[in-house]
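**Student:** any chance you can model this:
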Amino acid sequence: MTRLLPGLLALLWGASALADTITCLGRIEPLDGVRTLAGPSGFSGAGSVIAELKVAEGDWVEAEQVLAILDGYPLYSAEVKRQEELLKEARLQLKRLQDLSTTQSTSQAKLDEARFKVSALAAERGVSEARLEMSLLRAPARGQVLKIYTHPGEKVGSDGVLELGETDKMTVVAEVYETDIRHVSEGMTAKISSPALDTAITGKIIKIGLRVGKMDVLSSDPVADTDARVVETTILVDDPEPLRRLTNLQVDVEIGQ
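**Tutor:** Model (predicted):
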């Protein structure tokens, strides 16, 4: 009996350790996910043609940086220049009338007409500037270009123009079973593993989802429950470098309690 005691204690300790670990599947994503940038709607709209692409896959871009120029840009640029010239001329005419009004050589009606013309042309210039801006595709935030879908000369389709992600801050979106989520809290540590990784990666939970949904990451196990209900839980990894080129990779996740 005495000889069996150490082995029994070790077995019980191992069972306890397993009970304190939550296992699930997950997928790798940049922090805040992958952004798919489409052609601007409105004046130039979806279906526009890319005239110039100013980035390549792998490039890093900053917020508001121009990524692509649509085919409507030359026309809208010319419209803005034309409106600026017309507005400049109208303002000079208004000033001349205002100068004449001091000597009673012009009527109030002409002054009102000149002021109205300046206001109308200023509004038209604003519309032209809006058209011009909507013929540019800008980065909504800092990030790395992950994939380009539309190249110069091609029409922007349903896939959009390109994908953007902040790959120097990588996360794993773990799909925790609804029955386990009560044991999970922000700040808990996690271990991420995959045959595609040389070693396991560690991280901490930074966000727990607010809704229960179906699994997106499906196991290769033929008897796995594909209708399982899960809560998406975001893990910020400690070392993003091994994961930067592996967006959407399926991984195994162990969350320690």
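
**Student:** show me the residue at the heart of this protein, geometrically.
**Tutor:** Arg35 (2.9 Å; C-alpha atoms, centre = their mean).

**Student:** now do the longest helix along the chain: which elements does it pack against?
**Tutor:** Counting residues, the longest helix found in the chain (DSSP state H) is helix 73-101. The contact analysis (3 or more C-beta pairs under 8 Å, 6 or more residues apart in numbering; DSSP states H and E) places helix 73-101 against helix 108-133. In short, each C-beta sits where N, CA and C put it, glycine included.

**Student:** buried residues, the helix it packs on. List them.
**Tutor:** Residues of helix 108-133 classed as buried under the neighbour-count rule (16 or more other C-beta atoms under 10 Å) are 114, 117-118, 121, 125, 128-129, 131-133.

**Student:** and it with helix 73-101, angle?
**Tutor:** Using axes from the mean of the first three to the mean of the last three C-alpha atoms, to 10 degrees, one finds that helix 108-133 and helix 73-101 are set 160 degrees apart in direction.

**Student:** continuing past helix 108-133, what's the next helix or strand?
**Tutor:** strand 136-138 (DSSP states H and E).

**Student:** next helix or strand past that following strand?
**Tutor:** strand 143-148.

**Student:** other residues contacting that next one?
**Tutor:** 30, 34-35, 53, 55-61, 67, 161-168, 247 (C-beta atoms under 8 Å, 6 or more residues apart in numbering).

**Student:** how far off strand 143-148 does the helix or strand that it is followed by point, in degrees?
**Tutor:** Toward the C-terminus, strand 143-148 is succeeded by strand 162-177 as the next helix or strand (DSSP H and E). Using the same axes, to 10 degrees, the inter-axis angle of strand 162-177 relative to strand 143-148 is 100 degrees.

**Student:** so where's the stretch 51-200 of the chain shaky on pLDDT?
**Tutor:** By pLDDT under 70, the low-scoring segments of the stretch 51-200 of the chain are 103-105.

**Student:** and with 80 instead?
**Tutor:** Within the stretch 51-200 of the chain, the stretches with pLDDT under 80 are 101-106.

**Student:** just the buried members of the contacts of strand 143-148?
**Tutor:** 30, 34-35, 53, 55, 61, 67, 161-167, 247.

**Student:** the spatially closest residue to Glu52 that is not a sequence neighbour bridge partners, please.
**Tutor:** Leaving aside its sequence neighbours, Glu52 sits nearest to Ile69 (C-beta to C-beta, 6 or more residues apart in numbering; 4.3 Å). Applying DSSP bridges to Ile69 gives these bridge partners: Glu52, Leu136.
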